[in-house]
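[1] quick one, what's the 3D model for this:
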Amino acid sequence: MKLSNRVLNRTLLARQHLLERAEVSVPDMCAHLVGLQAQDVPPPFVGLWSRMAEFDPATVSRALEDRTLVRITLMRGTIHLVTPGDALRIAPHIQPELEKIPFRKGFNFGAMVGLDPDEVRAHGEAALGDEPVSAAELRAVAARLYPDRDAGAVLQTWLYQLPVLQTPPRGRWKDNSRPVWSRVEPWLGAPLEPDYPLAEILVRYLRAFGPASTMDMQTWSKFTGIKAAVDALGERVRTYTDERGRTLYDLADAPLADPDAPAPVRLLGWYDNAVLSHQDRTRIVPDGTAPQLRAFATAVSPVLVDGYLSGYYKVFLEGSVARLRVGPTVKWSRAERDEVAAEASALLDFLEADRERKVEILEVGEDLRPA
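    Next comes the predicted model:
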């Protein structure tokens, strides 16, 4: 059966809870999405706000404090906000690839080439110990142990080599403190689960992102062995083709969305997984290209209109005033502009309730940066 791009679009939005905000708990939403990308503090809060009917950001702060949510390096080597169970299950599948990165010639201009990886890891385990430790403290240890190497590169190597997570206060609502790191097992008081099947993680991916090709799954995760894991699912999956004839896998019991379902305007956080988790992004990005990560790194975020990325926004703080500026990439109708303005106003109320708030809808091609 061939699936149109429109079916793929609406199915992705439905599974991401972007067609209708869901009435679920924050941990349940994080579990369903297999985490929210969270290398910066605001994006997961925006991601949850855009998907949940009633979202109180304090619930995330409390969950980080009581360890019912964690911020950990997982898919694509980036920080994700996940449940403890997912941290323990997914980290062992990520670690083998992460550990290779620091000793390649391209890593920090070869900063770690020539060192024994096992010795470096042992020093990292000792430096991290069983209690949270700041990046500054770890960097100081690295400088003492490896005076002829870049201490920042050594620290980054340890964070790749060892399953680690960021502990509070960083990650709480509006708390952008410097990272404090802990090894996963001491923080959670539980062992990693290396025997958790990769196939089960891919089942979770399909429930939140499917139907999808094996290349989509690899783009999302950077896992190896994906084709064998999908094959092991047997009759639990069925196959489709897309408009270009590529094979897509989906769970046999997973419904497809109505291609004519209305898609409300949504403003996502920068790095939102809904936009970055497929090799073929045409189901949500009209021209299929990945939004420039350099733009996201400056807190520029996607706007979905009729289900597709068709603009960007950024919040600018100027003293007591918060300005949310929206730049369309295509011409919107008056009704679409009004809907974008209403959603942007609601988001700004959520993000900056203590400031004077202004929403500005620009013309196509106009610079997001204020004059």
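[2] gap between the two ends of stretch 163-177?
    Counting by CA to CA, to the nearest Å, you get 21 Å between the two ends of stretch 163-177.
[3] residue 37 versus residue 78, what's the distance?
    6 Å (CB to CB, to the nearest Å). In short, each C-beta sits where N, CA and C put it, glycine included.
[4] what is in contact with these two at once?
    Shared contacts of residue 78 and residue 37, defined by CB atoms under 8 Å, 6 or more residues apart in numbering, are found at residue 271.
[5] okay, these two: which has more neighbours?
    residue 37 (26 against 16; other CB atoms under 10 Å).
[6] from memory the more buried one sits against residue 80, does it?
    Yes - at 5.8 Å, residue 37 and residue 80 qualify as touching, with contact defined as CB atoms under 8 Å.
[7] what segments of the stretch 51-200 of the chain are helices?
    Per DSSP state H, counting those that start in this stretch, the stretch 51-200 of the chain carries helices over the ranges 58-66, 84-98, 117-128, 135-145, 151-161, 184-188, 198-209.
[8] show me what the shortest one is packed against.
    In terms of contacts (3 or more CB pairs under 8 Å, 6 or more residues apart in numbering; DSSP states H and E), helix 184-188 is packed against strand 70-73, helix 84-98, strand 164-166.
[9] and if you look at the second one?
    Counting contacts by 3+ CB pairs under 8 Å, 6+ apart, helix 84-98 packs against helix 26-32, strand 70-73, helix 184-188, helix 198-209.
[10] ok, now the last one?
    Helices and strands touching helix 198-209, as assessed by 3+ CB pairs under 8 Å, 6+ apart, comprise helix 5-15, helix 84-98, helix 214-221, helix 226-232, strand 247-251.
[11] which stretch among the helices and strands packed on helix 184-188 comes nearest residue 198?
    Nearest to residue 198 among these is helix 84-98 (5.8 Å), distances taken as CB to CB.
[12] show me the contacts for the spatially closest residue to residue 172 that is not a sequence neighbour.
    If you skip the residues right next to it in sequence, residue 172 has residue 61 as its closest partner in space, 3.9 Å away by CB to CB, 6 or more residues apart in numbering. Residue 61 makes contact with 168, 172-173, 175, according to CB under 8 Å, 6+ apart.
[13] ok, now how distant is residue 61 from residue 149?
    From residue 61 over to residue 149 the distance is 37 Å, taken as CB to CB.
[14] any idea of the mean pLDDT for stretch 214-232?
    The predicted model assigns stretch 214-232 a mean pLDDT of 94.
[15] buried ones in the longest strand belonging to the chain?
    Of all the segments of type strand in the chain, defined by DSSP state E, the longest one is strand 308-318. Of the residues in strand 308-318, those with enough neighbours to count as buried (16 or more other CB atoms under 10 Å) are 308-315.
[16] domain parsing for the protein?
    Annotated domains of the chain cover 1-285, 300-361 [automatic domain parsing].
[17] could you dump the ones you listed to JSON lines with distance to residue 367?
    Output for those, formatted as JSON lines (distance: least, CB to CB, whole Å):
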{"stretch": "domain 1-285", "distance to residue 367": "18"}
{"stretch": "domain 300-361", "distance to residue 367": "8"}
